[in-house]
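Visitor: Structure for this input, please:
(one chain, ligands or ions: 3)
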Amino acid sequence: MGLLTEGTPLTWEETKKLAEHVREHGINQFINIYKKLRDRKGDVLKWGDEIEYILVKFNKGAKEVKVSLRAVDILSVLNEKEYNDPNGVKSLWRPEFAAYMIEGTPGKPYEGTLAHFNVVEANMKMRRQEVMELLTQDECALSITAFPRLGCENFTDPPTVPTPNEGNTRSLFFPDAAVFPGHPRFMNLVRNIRERRGEHVAINLPIFRDTDTKIPVDDSYKIRKAAKPDCVYMDAMGFGMGCCCLQLTFQACNIEEARILYDQLTPLCPIMLALTAASPVHRGFITDVDCRWNVISGSVDCRTEEERGVKPLKENKFVIKKSRYDSIDSYLSEQGEIYNDIPILYNKEDYEKLRNSGIDDLLAQHIAHLFIRDTVSLFSEKINQNDEEDTDHFENIQSTNWQTMRFKPPPPHSTIGWRVEFRPCEVQITDFENAAIVCFVVLLTRVILSYQLNLLIPISKVDDNMQNAQLRNACREQRFWFRKDITTDVSPPEANRCCKEAMASEFKECNLIGQMTVNEIINGKQGEFPGLIPLIQSYLSGMDVDADTHCTIQQYLKFIQQRASGEILTTATWIRKFVTEHPAYKHDSVVSEEINYDLLETVRDIQEDIKSCPDLLGFRIMSKTKENVPHALENDV
Ligand code: ADP
Ligand code: MG
Ligand code: MG
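Guide: Ligands and ions are numbered 1, 2, ... in the order given. Model prediction:
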């Protein structure tokens, strides 16, 4: 998403007519990118995080907290700083779906030395501070995954009302006025997704059944046939796209390495989702899930009844199993090919065209599969393009396939290489936690590449894991399919040593994959699996690190270990505990205004370091602020 440049969105009818046009030119554009950049090599590791924030406003007297619809005002100031000094700013700010959301990234990507891990948290703090300076005394920017009372009566400041019978969202709960108004893209997506689908999006999350929980949950089921009485029903894009997450992008040295990273990180998506679970409360109710994933997936599910398999196919070509926001359907590397065990839909002509342009089977299938989705947002200025130079039609489809992983080709005429994006994580309350997760994932990529590990399991098993990961308390209680024997013929001796030690003295003929808890995957299981943290430790032990950076990395790894083992709580479990132990809680699964106020006030105090919270953060050295990256170290990450 660019800066706040306006454009003229087409109506749904106009957009629909141009679906084939976008498909044809989008694929041509990818082919041209590929031809120009397939042999690009020698790029170094660069990486960066993206964090989304929800702006809230506290009313102390009334004990109420609302989402504050001021993102446009705040962004205009932040973006002006960038405009005046594009290379000097330490943070970049972008709009997000909701009028109460903003997204921040570091001003420049980080690079490949371990010393960079020492500035991640400081940059996150600085970013938060930068926003806070533009807010009023009673406002705050929270990095929470979901606003607990989103869609409840009067949840915005200033007050707005939903308009079920007019406008674009037509929700019983979520007003059009809560959609980001500064760029037409968002409202356009809302309208087109609803129109393409032919009805409201529908999300039904099972309610958490406490002793006095009322079933039916509310009257939605009387008004909407899609609403299930024992579920929290949501009917708007805002319920999902109005949630926040934590994402990471890595640059690979070439296209091959990008494919490997894309594949190897895929089995980690559900594990990291369970580990970062942070959203048990939706629309004012405690639900039986801990994560946003299925909510956001349903919130942009533009499939028609035919595509969902509700009606026989007539107008549409395919029955499609997943929403355009979902886990990936296929691996891209040679190693991954045998694990592509779910059907991959595509138009044969698109696939053939890609193949005839010299693109291999796996990549051709991936791109053709992305293009089974129609465009749901088109601007009149962008219809006619030069496929040799422009990439908007490709990006149009690529950027509305919101999957767990994204394979990103280099932008034309830039110094940027082939990248992959890691997209499953929920965002955490503190910069410390977010920095820990980011550094852990980056370290894992280094271990995977230098130890040449193979974490692949069948894609169908990754899908199963994605569903399990969202269940209440999954991080402690669920078991996940995971590969046990992860070293390869080409892994260096230290990797084999680390794994073989864990496999116990006598070599066991092990099944390739088994079911493990998050704890076993992260911390290891004697006799079966070395554990991701021990592998990282083994990798780090061979490197020269300055004491300060070492200390930072170790406290992040310790945090991940404790989170996985259950010594400290996931954000989701902590929120459940806070709500159910609140004196005003009536054991009815309802998160009242008052409980929400106390919860978010506590979240604010924790993020500001005013309140310590050992059961959420564990052992932690209090924040050090490091402004500059120390000189590059000898050992590259
Ligand atoms: P998107 O919204 O498409 O995912 P953003 O531009 O919001 O992408 O964020 C991309 C992330 O990639 C940021 O964290 C940024 O710092 C990082 N980044 C920028 N340039 C590179 C690069 N060359 N390689 C890897 N990451 C990069
Ligand atoms: Mg972004
Ligand atoms: Mg992103």
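Visitor: The residue of the stretch 301-450 of the chain at minimum distance from ligand 1 and residue 409: what is the separation?
Guide: For the stretch 301-450 of the chain and ligand 1, the shortest gap (Cβ to the nearest ligand atom) falls at residue 416, measuring 4.0 Å. Bear in mind the C-beta positions are built from the backbone N, C-alpha and C, glycine included. Taking Cβ to Cβ, to the nearest Å as the measure, residue 416 falls 10 Å from residue 409.
Visitor: Go through stretch 393-407 and flag the buried ones.
Guide: For stretch 393-407, burial by neighbour count (16 or more other Cβ atoms under 10 Å) applies to 393-398, 400-407.
Visitor: Figure out how far it is from the centre of its chain.
Guide: 13 Å (Cα atoms, centre = their mean, to the nearest Å).
Visitor: Ends of that stretch, what's the gap?
Guide: Start-to-end span of stretch 393-407 (Cα to Cα, to the nearest Å) is 16 Å.
Visitor: show me what contacts residue 170?
Guide: Residues counted as contacts of residue 170 (Cβ atoms under 8 Å, 6 or more residues apart in numbering) are 163, 164, 194, 200.
Visitor: Would you reformat those as CSV and include secondary structure, neighbour count and pLDDT?
Guide: As requested, these are exported to CSV (DSSP: H, G, I helix; E, B strand; the rest coil; neighbours: other Cβ atoms under 10 Å; pLDDT from 0 to 100):
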residue, secondary structure, neighbour count, pLDDT
163, coil, 16, 98
164, coil, 15, 97
194, helix, 22, 98
200, coil, 20, 98
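Visitor: mind listing the strands for the stretch 301-450 of the chain?
Guide: Remark: strands assigned in the stretch 301-450 of the chain by DSSP state E, counting those that start in this stretch are 325-326, 402-403, 405-408, 419-422.
Visitor: now for the last one, which elements pack on it?
Guide: I take that to be strand 419-422. Where contact means 3 or more Cβ pairs under 8 Å, 6 or more residues apart in numbering; DSSP states H and E, strand 419-422 is packed against strand 246-251, helix 255-265, helix 268-275, strand 405-408.
Visitor: quick one, which of those is packed in tightest?
Guide: helix 268-275 (a mean of 26; mean count of other Cβ atoms under 10 Å).
Visitor: Kindly export it (C-alpha atoms) in PDB.
Guide: What follows is helix 268-275 as a C-alpha-only set of coordinates in PDB (Å, rounded to 0.1, in the frame of the first residue of the first chain):
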ATOM      1  CA  LEU A 268       6.100 -23.100  11.400                       C
ATOM      2  CA  CYS A 269       3.100 -21.000  10.700                       C
ATOM      3  CA  PRO A 270       0.600 -22.900  12.900                       C
ATOM      4  CA  ILE A 271       3.200 -23.300  15.600                       C
ATOM      5  CA  MET A 272       3.900 -19.600  15.700                       C
ATOM      6  CA  LEU A 273       0.200 -18.900  15.600                       C
ATOM      7  CA  ALA A 274      -0.400 -21.000  18.700                       C
ATOM      8  CA  LEU A 275       2.600 -19.500  20.400                       C
END
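Visitor: That one to strand 246-251, inter-axis angle?
Guide: Interaxial angle of helix 268-275 relative to strand 246-251 (axes from the mean of the first three to the mean of the last three Cα atoms, to 10 degrees): 150 degrees.
Visitor: ok, the residue lying closest to residue 234 once chain neighbours are set aside to ligand 1 distance?
Guide: Setting aside the residues directly before and after it, residue 234 is nearest to residue 203 in space (Cβ to Cβ, 6 or more residues apart in numbering), at 4.2 Å. Distance of residue 203 to ligand 1, computed by Cβ to the nearest ligand atom, to the nearest Å: 23 Å.
Visitor: residues contacting residue 203?
Guide: With Cβ under 8 Å, 6+ apart, residue 203 has these contacts: 233, 234, 235, 239, 240, 294, 295, 298, 299.
Visitor: rewinding a little: now flag whichever of the contacts of residue 170 is closest to ligand 3.
Guide: Closest approach to ligand 3 among the contacts of residue 170 (Cβ to the ion): residue 194, at 23.8 Å.
Visitor: Assess the claim that the closest one and residue 201 are in contact.
Guide: Yes: taking contacts as Cβ atoms under 8 Å, residue 194 lies within contact range of residue 201: 6.8 Å.
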